[in-house]
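Asks: Okay, here's the prediction I keep looking at, along with the sequence it came from:
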Amino acid sequence: MSNAYRFRFPAALALGAVLAVWGLPAEAHLLNASSAGAAQGLSHPFSGLDHILAMVAVGLWAAQTGRRALWVLPLVFPLAMAVGGLLGMGGVALPGIETGIGASVALLGLLIALAARPSLPAAIGLVALFAIFHGHAHGTELPQAVSPVLYGLGFIAATALLHMIGLGIGRALKRPRGSFAMRAGGAGIAAAGAFLLLGL
């Protein structure tokens, strides 16, 4: 596979995500009871900047960290998110959900900006904690849905897609010239997360 192709493929994925976001509502966490199902689950993660940034950041950080984190972190996030979703569906209250979501964006961006490489268990624990906040926020919406199972499956599939976009971009930037761009992107994500926190 040529270097040009390896760069263009993740770039095309990122462009597709931007175009998808452009045509969708800007606010997350708003689900009409009549709009449940797999298609709505697939589109919902693209309707909020907080979720897009966090899920792409997980892929970026996994690519930056490398080794087992490359596949473990993008697998842990949707699994832990499903746990958070079940807690939300069950009416189990968690404190500071919106703050946790904003903090997840800011901290993931900061980890990328600093090129932080903690131990794999520590990284897993951090990503899982963030995912539970994201999952809980959406799990509270699922009982109102016509088809919560299909909605949940669609949402997880969209999450995986966003992780893959982050991984693709991160892999394309895994070279000396791309290191600065990766860290600058992380700083931008961290700044967006801080802005989200200030807006709460």
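Replies: All right, it came through fine.

Asks: Let me see the contact set for residue 38.
Replies: Contacts of residue 38 were listed using C-beta atoms under 8 Å, 6 or more residues apart in numbering, and they are 147, 150-151, 153-154, 157. To be clear about C-beta, it is placed using only N, CA and C from the backbone, and glycine gets the same treatment.

Asks: what about the closest residue to residue 62 other than its chain neighbours, how many neighbours?
Replies: Sequence neighbours aside, residue 73 is the residue nearest to residue 62 in space, at 4.1 Å (criterion: C-beta to C-beta, 6 or more residues apart in numbering). Using other C-beta atoms under 10 Å, residue 73 has 25 other residues around it.

Asks: Now the helix or strand in which residue 73 is found: buried residues?
Replies: Using DSSP states H and E, residue 73 sits in helix 69-89. Buried residues in helix 69-89, counted by 16 or more other C-beta atoms under 10 Å: 69-70, 72-74, 76-78, 80-82, 84-85, 87-89.

Asks: of all these, which comes closest to residue 172?
Replies: Of all those, residue 70 has the smallest distance to residue 172: 13.8 Å, by C-beta to C-beta.

Asks: how far away is that closest one from residue 63?
Replies: 6 Å (C-beta to C-beta, to the nearest Å).

Asks: Next, name the residue at the spatial heart of this protein.
Replies: Centroid-nearest residue in the chain, with C-alpha atoms, centre = their mean: residue 55, separated by 1.1 Å.

Asks: one step back: could you tell me which residues touch both of residue 70 and residue 63?
Replies: With C-beta under 8 Å, 6+ apart, residue 70 and residue 63 have common neighbours residue 167.

Asks: if you skip the residues just before and after it, what's nearest to residue 113?
Replies: Computed as C-beta to C-beta, 6+ apart, the closest residue to residue 113 that is not its neighbour in sequence is residue 186, at 3.6 Å.

Asks: How about the secondary structure of the one you found?
Replies: For residue 186, the secondary-structure state derived from DSSP: H, G, I helix; E, B strand; the rest coil is helix.

Asks: That one contacts residue 106, doesn't it?
Replies: No. Taking contacts as C-beta atoms under 8 Å, residue 186 lies outside contact range of residue 106: 10.6 Å.

Asks: Next, count neighbours for residue 186.
Replies: 23.

Asks: where do the helices sit along this structure?
Replies: All helices of the chain, identified by DSSP state H, fall at 3-22, 38-43, 49-65, 69-89, 97-113, 120-139, 148-172, 176-198.

Asks: Let me have these in TSV, adding mean pLDDT as columns.
Replies: Converted to TSV, these look like this (pLDDT from 0 to 100):
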stretch	mean pLDDT
helix 3-22	40
helix 38-43	75
helix 49-65	93
helix 69-89	91
helix 97-113	95
helix 120-139	93
helix 148-172	87
helix 176-198	89
